[in-house]
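Q: need a 3D model of the following:
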Amino acid sequence: MRKHFRQTHAFAVLMLAMLMAQLSGCVATSSDTSPTEFTTTTPEETNNDSHSVQDASSTPEPIEAQYSDVWEKIQHAHTIDVHDEAEVRRQRKFFADKQKFMNQISDRAEPFLYYIVSQLEARNMPLELALLPIVESGYNPLAQANGPAGLWQMIPATGRNFGLTINSAYDGRKDALASTDAVLDYLQHLYDTLGSDWINAVAGYNSGELVIKAAIERNKAKGKPTDFWSLNIPAKKVQTVPKWLAFIQIIREPSHYNLKVLPIANRPFLERLPAPNGVEIGQIANAAGLTKKEFKTYNPGYRQNVIPSKGKYQIALPIENVGAYQENQDKLYAQKRYDSQSYIVKSGDSLGVIAAKFDISVNELKQANNLTSDRIKVGQELTLLTPLTANDKEAKAAQTTPKASSQSAAEVKDTKAKVDEVKATTYKVKSGDSLDKIARKNKVKLADLMKWNQLNAKSIIKPGQELKIAD
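A: Take a look at the predicted model:
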């Protein structure tokens, strides 16, 4: 996946390093120092392992406003003040010398890191937050735990509450770009709620907002400070925090830990485009000049081999492949397409029963849902794919036209109801709602909606539940 950037970048950074060495009078401490390393001090300049605590007077000025390497940009951010705590030191030592892991991180992060950093920059959030996926998932967008998933390891309730689509065909938590948008919204909410402290925000992301909120209230009641280090949260509840802080130090000074960070070009890698509904992923990949495996690397959110036939979805393509895709885009709709629908497994169902009911084969049903066995369970959501013929498309168009006209009065009534909802002070949750959708529909801030209803990002809302939409 890594492009020609590495070779040209290495030469440019080598020349820059030589120039800076001449200007500062520093001499390299090792003859085999890589040109892709970036350091701010040398091992001889520190007498112990507390490399993170830097006085304002010793913090280096950025060499220039622009960086050719995204890691360098993060390295020079210095927004997060890292205390040299015992658990942070232990995590630093654990990851020291693990060059294979660092190489893997850079390879996985290459398509996504620029986007994450640029979004953090646009929101005026610490660039060091881009290191969270290292400790959450090893920068693997397909990472799946018992509940959490994706680069950022979000749980389903949090993902939905912050606007992600999660269904049998697509999981927005595994869409690296979409999940980044949702997570940054969530982290900003946590920062605003938990004492305007970014380490508190990350702790809340790890342990739950209410755990940190309760600790802050306890300290306030005792007249104590409410920064993370004063809260004395048990280490087992916030394991992500020391790992994240350790990696901030490692990225700032990799050579101290016998590590080299492979560069990632500081320029856009991916571009998002509307996804063609009902089209096979292999056809899209072919149109863009990619292999199916490459397409799935950039679009890990799709669970099936077909883009859902209903709803608005996006695909991400390397910028260098966008032109080819746009040239071939029209041909995609002339090829075989599929209608998709969801089916919830009921008591007494089997793959054979479901397949017969919808006139598809068991093998097609298993392929559509990436099933490796015949086992299914009650309540499981399956995707059913039915090939669309030209006649099917015409029939669908004919069916939708009269419906649109006959339902116009109902739509007017529905529009009026929506206006009334905005004016109301309560809102009744409907099927498919999320906190994010409800907040946007009623033109209120998500943070306010959660505060009025004493909810947090892990709260689950149910159809019929009444929510306050005004204080």
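
Q: which secondary structure element of this protein has the lowest mean pLDDT?
A: Each helix and strand of the chain was given a mean pLDDT (mean pLDDT, DSSP states H and E); the minimum falls on helix 390-406 at a mean of 39.

Q: okay, buried residues for stretch 341-351 please.
A: Buried residues in stretch 341-351, defined by neighbour count with 16 or more other CB atoms under 10 Å: 343, 345, 349, 351. For glycine as for every other residue, the C-beta is placed from the backbone atoms N, C-alpha and C.

Q: do stretch 105-119 as well
A: Here stretch 105-119 shows 105-106, 108-119 as buried, counting by 16+ other CB under 10 Å.

Q: so where's the chain shaky on pLDDT?
A: Scanning the chain for pLDDT under 70 picks out the ranges 1-65, 335, 389-424, 431-432, 457-458.

Q: which stretches of the stretch 1-150 of the chain form helices?
A: 5-24, 70-75, 86-95, 99-109, 113-122, 132-137 (DSSP state H, counting those that start in this stretch).

Q: nope, the stretch 251-400 of the chain is what I meant
A: 281-288, 292-298, 319-332, 351-357, 362-368, 390-406.

Q: now render the ones you listed as TSV, adding distance to residue 164.
A: Formatted as TSV, the helices of the stretch 251-400 of the chain follow (distance: least, CB to CB, whole Å):
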stretch	distance to residue 164
helix 281-288	20
helix 292-298	18
helix 319-332	24
helix 351-357	27
helix 362-368	22
helix 390-406	28
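
Q: out of the ones you listed, flag the one nearest residue 68.
A: Ranking the helices of the stretch 251-400 of the chain by proximity to residue 68 (CB to CB) places helix 319-332 first, at 16.9 Å.

Q: in that closest one, what's buried?
A: Under the neighbour-count criterion of 16+ other CB under 10 Å, helix 319-332 has 321, 325, 329, 332 buried.

Q: verify the stated contact: the last one with residue 283.
A: Right, the one you point to is residue 332. Yes: counting by CB atoms under 8 Å, residue 332 touches residue 283, with 5.8 Å between them.

Q: related to what we said a few turns ago, just the ones of the buried residues of stretch 341-351 in strands?
A: residue 343 (DSSP state E).

Q: just the buried residues of stretch 341-351 now: which is nearest residue 89?
A: Closest to residue 89, out of all of the buried residues of stretch 341-351 and judged by CB to CB, is residue 345, at 49.9 Å.

Q: nearest residue to that closest one in space, please, no chain neighbours.
A: residue 380 (4.4 Å; CB to CB, 6 or more residues apart in numbering).

Q: and for the one you found, the neighbour number?
A: 15 (other CB atoms under 10 Å).

Q: one step back: now the buried residues of stretch 341-351 in TSV, with distance to residue 188?
A: Formatted as TSV, these follow (distance: CB to CB, whole Å):
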residue	distance to residue 188
343	37
345	38
349	43
351	44
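
Q: can you tell me which of the buried residues of stretch 341-351 lies closest to residue 229?
A: Of these, the one sitting nearest to residue 229 (CB to CB) turns out to be residue 345, at 48.9 Å.

Q: so how far is residue 370 from that closest one?
A: 15 Å (CB to CB, to the nearest Å).

Q: quick one, strands of the stretch 351-471 of the chain?
A: Assigned by DSSP state E, counting those that start in this stretch, the strands in the stretch 351-471 of the chain fall at 381-388, 426-428, 466-468.

Q: contacts for the second one, please.
A: Looking back up the chat, that one is strand 426-428. 421, 438, 441, 442, 464, 465, 466, 467, 468, 469 (CB atoms under 8 Å, 6 or more residues apart in numbering).

Q: if I look at the last one, how far off is residue 198?
A: Just to be clear, that refers to residue 469. Residue 469 is 29 Å from residue 198, by CB to CB.

Q: now swap in the second one and tell me
A: Separation of residue 438 from residue 198 (CB to CB): 27 Å.

Q: contacts for whichever strand or helix holds residue 230, please.
A: In this structure, residue 230 is located in helix 228-231 according to DSSP states H and E. Helix 228-231 has contacts (CB under 8 Å, 6+ apart) with 83, 85, 197, 199, 200, 203, 212, 215, 216, 219, 224, 241.

Q: how many neighbouring residues does the closest residue to the fourth one other than its chain neighbours have?
A: The one in question is residue 199. Nearest residue to residue 199, sequence neighbours excluded (CB to CB, 6+ apart): residue 228, at 4.0 Å. By other CB under 10 Å, the residues close to residue 228 number 25.

Q: now the strands for the stretch 101-250 of the chain?
A: Going by DSSP E, counting those that start in this stretch, the stretch 101-250 of the chain shows no strands.

Q: can you show me the CA trace of stretch 117-133 as PDB?
A: Output in PDB follows, covering the C-alpha atoms of stretch 117-133 (Å, rounded to 0.1, in the frame of the first residue of the first chain):
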ATOM      1  CA  VAL A 117      -5.500  14.900  11.700                       C
ATOM      2  CA  SER A 118      -7.200  17.400   9.300                       C
ATOM      3  CA  GLN A 119     -10.500  17.000  11.100                       C
ATOM      4  CA  LEU A 120      -8.900  17.500  14.500                       C
ATOM      5  CA  GLU A 121      -7.200  20.600  13.100                       C
ATOM      6  CA  ALA A 122     -10.500  22.000  11.700                       C
ATOM      7  CA  ARG A 123     -12.200  21.500  15.100                       C
ATOM      8  CA  ASN A 124      -9.300  22.900  17.100                       C
ATOM      9  CA  MET A 125      -8.900  19.700  19.000                       C
ATOM     10  CA  PRO A 126      -5.500  18.200  20.100                       C
ATOM     11  CA  LEU A 127      -3.800  16.400  17.300                       C
ATOM     12  CA  GLU A 128      -2.600  13.800  19.800                       C
ATOM     13  CA  LEU A 129      -6.100  12.400  19.800                       C
ATOM     14  CA  ALA A 130      -5.100  10.800  16.400                       C
ATOM     15  CA  LEU A 131      -3.000   8.400  18.400                       C
ATOM     16  CA  LEU A 132      -6.000   6.900  20.300                       C
ATOM     17  CA  PRO A 133      -6.700   4.300  17.500                       C
END
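
Q: centre of the chain versus it, how much separation?
A: What separates the centre of stretch 117-133 from the centre of its chain is 12 Å, taken as CA atoms, centre = their mean, to the nearest Å.

Q: and if you look at stretch 271-280?
A: Mean C-alpha position of stretch 271-280 versus that of the full chain (CA atoms, centre = their mean) differs by 19 Å.

Q: any idea how far residue 451 is from residue 96?
A: Counting by CB to CB, the gap from residue 451 to residue 96 is 43 Å.

Q: oh sorry, the question was meant for residue 300
A: Taking CB to CB, one finds residue 300 at 30 Å from residue 96.

Q: neighbour-wise, which of the two wins?
A: Applying other CB under 10 Å to residue 300 and residue 96 shows that residue 300 carries more neighbours, namely 22 against 16.

Q: and the closest residue to the more buried one other than its chain neighbours, its phi and psi?
A: Of all residues not flanking residue 300 in the chain, residue 141 sits nearest, at 4.2 Å (CB to CB, 6+ apart). Backbone geometry at residue 141, expressed as degrees, to the nearest 10, gives phi -70, psi -20.

Q: switch the strands of the stretch 351-471 of the chain over to CSV; also include mean neighbour count.
A: Formatted as CSV, these follow (neighbours: other CB atoms under 10 Å):
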stretch, mean neighbour count
strand 381-388, 18
strand 426-428, 15
strand 466-468, 15
